[in-house]
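Structure for the following, please:
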Amino acid sequence: MTRERVEEDLPVVVGITGASGAVYAIRLLQELVRLNQRVHLLISGAAWEVLRLEMGWPVKAGDWPLFREKAGIVSDRVSVHDLGDFSAPVASGSYLTRAMVIVPCSMGTLAAVATGASDNLLERAADTHLKEGRPLILVPRETPLHLIHLENMVRAARAGARIVPAMPGFYHRPETLMDLVDFVVGKILDQLRLPHGLFRRWGSTGEEVGEVDRT
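Reported below is the predicted structural model:
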């Protein structure tokens with residue numbers, strides 16, 4: 001197997017935390033499954049609460065079967081881990097990955113990443129990606145931001161993280177709420193160097209880039 005082929009099959013770690021914006025995480029997971037990517041999924045306790053509140057799903061923490069059903073994620077390439085399981089592969093830097101995305105990233109999780117805390121598996125996986133020099137993509141969704149939030153973003157960025165705020169653009173003329181969601185998810189996929197057709201790029205026409213994929 002060539003080096004390029006090995007790199008293509010490296011898994012993406014997805015962490016979901018308790019900030020508003022659970023829909024971004026669900027949409028990203030759906031796209032990763034559509035692209036046949038291997039995924040390691042981590043969900044914080046607060047994120048389960050947000051899923052119930054924002055998505056209207058009657059899920060309880062750790063109810064992975066119902067989560068998969070509601071998210072439409074039917075793939076044996078998605079592995080799920082409890083945050084207390086430090087024996088999971090993603091707890092170690094010797095386990096190779098393509099990247100990690102924390103979406104949405106709460107300010108508490110951002111603080112943990114910025115200070116190198118590893119109180120749970122999600123934080124440990126993020127710390128591991130930074131120490132191994134692998135892409136760590138943080139998608140904060142908070143407003144307004146005070147000085148500590150901003151300084152933590154700077155600290156994380158200096159350590160190697162990429163900060164991709166959940167700030168949708170409007171030059172692609174969004175018509176629906178999902179158009180706005182897809183713009184942010186498309187920006188995440190760009191950071192992962194994965195192909196997508198979730199929004200029309202600046203200077204492009206629909207004919208040049210293809211219609212937005214809703215499958």
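
Which strand or helix spans residue 28?
Using DSSP states H and E, the element containing residue 28 is helix 22-34.

likewise residue 138?
Per DSSP H and E: residue 138 is located in strand 136-140.

C-alpha coordinates for that strand, CSV please?
Extracted in CSV, the C-alpha atoms of strand 136-140 (Å, rounded to 0.1, in the frame of the first residue of the first chain):
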residue,chain,number,x,y,z
LEU,A,136,-6.6,20.1,15.4
ILE,A,137,-9.6,22.2,14.2
LEU,A,138,-11.6,24.0,16.8
VAL,A,139,-15.0,25.4,15.8
PRO,A,140,-16.1,27.8,18.6
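
For the protein, which segments count as helices?
For the chain, helices defined by DSSP state H occupy the ranges 3-8, 22-34, 45-55, 64-71, 107-115, 121-131, 147-158, 177-191, 206-209.

TSV for those, including mean neighbour count, distance to residue 97 and mean pLDDT?
All C-beta atoms are positioned from the backbone trio N, CA, C, and that covers glycine. Output for the helices of the chain, formatted as TSV (neighbours: other CB atoms under 10 Å; distance: least, CB to CB, whole Å; pLDDT from 0 to 100):
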stretch	mean neighbour count	distance to residue 97	mean pLDDT
helix 3-8	9	10	55
helix 22-34	22	13	97
helix 45-55	17	20	97
helix 64-71	16	20	96
helix 107-115	21	16	98
helix 121-131	22	7	98
helix 147-158	15	18	98
helix 177-191	20	14	96
helix 206-209	10	29	46
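
related to what we said a few turns ago, how far does the helix holding residue 28 sit from its chain's centre?
8 Å (CA atoms, centre = their mean, to the nearest Å).

Give me the contacts around that helix.
Helix 22-34 has contacts (CB atoms under 8 Å, 6 or more residues apart in numbering) with 12, 14, 16, 39, 41, 47, 50-51, 54-55, 71-75, 77-78, 101, 103-104, 139, 141, 166, 178, 181-182, 184-185, 188-189, 194, 196, 198, 215.

what's the angle from it to helix 64-71?
Calculated by axes from the mean of the first three to the mean of the last three CA atoms, to 10 degrees, helix 22-34 forms an angle of 90 degrees with helix 64-71.

roughly how far apart are residue 84 and residue 61?
11 Å (CB to CB, to the nearest Å).

Residue 67 too?
For residue 67 relative to residue 61 (CB to CB), the value is 10 Å.

Return every residue with contacts to both of those two.
residue 43.

Surely residue 122 touches residue 44?
Yes: here residue 122 reaches residue 44: they are 6.2 Å apart, a contact under CB atoms under 8 Å.

list residues touching both of those two?
By CB under 8 Å, 6+ apart, residue 122 and residue 44 have these common neighbours: 15, 17, 83, 109.

give the contact list for the closest residue to residue 149 other than its chain neighbours.
If the residues on either side of it in the chain are set aside, residue 149 comes closest to residue 107, at 5.5 Å by CB to CB, 6 or more residues apart in numbering. By CB under 8 Å, 6+ apart, the contact set of residue 107 is 19, 140, 142, 149, 152.

any chance of those residues in TSV, with distance to residue 114 too?
Formatted as TSV, the contacts of residue 107 follow (distance: CB to CB, whole Å):
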residue	distance to residue 114
19	15
140	11
142	14
149	10
152	4
